[in-house]
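[1] Predicted coordinates and the sequence they were generated for:
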Amino acid sequence: MECARRAGHTIAVLFRVYAKVLAQTQDRANLRIDAAMREWNEPE
């Protein structure tokens, strides 16, 4: 709700317009987390 308010939109607009952006951002974040965990688990 705070995101919508700050953007000057309703929650419905936030979900309709920005849902793809939020999903893509989450996908990129998950890829970074996976890469960091692989690096952390590599034997030295």
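    Yep, that arrived.

[2] hey, let's count contacts and neighbours off CA atoms from now on
    Noted.

[3] From the centroid of this protein, which residue is nearest?
    Within the chain, one residue has its C-alpha closest to the average C-alpha position: by C-alpha atoms, centre = their mean, that is Q26, at 2.8 Å.

[4] next one: the helix or strand hosting that residue to chain centre, how far?
    Under the criterion DSSP states H and E, the helix or strand holding Q26 is helix 11-41. For helix 11-41, the separation from the chain centroid amounts to 3 Å (computed by C-alpha atoms, centre = their mean, to the nearest Å).

[5] how close does the residue nearest to the centre of the chain sit to A4?
    From Q26 over to A4 the distance is 18 Å, taken as C-alpha to C-alpha, to the nearest Å.

[6] re earlier: which helices and strands sit right next to the helix holding Q26?
    helix 2-7 (3 or more C-alpha pairs under 8 Å, 6 or more residues apart in numbering; DSSP states H and E).

[7] Dump the helix it packs on to CSV, keeping only the CA atoms.
    Listed next in CSV are the C-alpha coordinates belonging to helix 2-7 (Å, rounded to 0.1, in the frame of the first residue of the first chain):
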residue,chain,number,x,y,z
GLU,A,2,2.8,2.4,0.8
CYS,A,3,4.4,1.8,-2.6
ALA,A,4,1.1,2.7,-4.3
ARG,A,5,0.6,5.8,-2.2
ARG,A,6,4.1,7.1,-2.8
ALA,A,7,3.7,6.5,-6.6
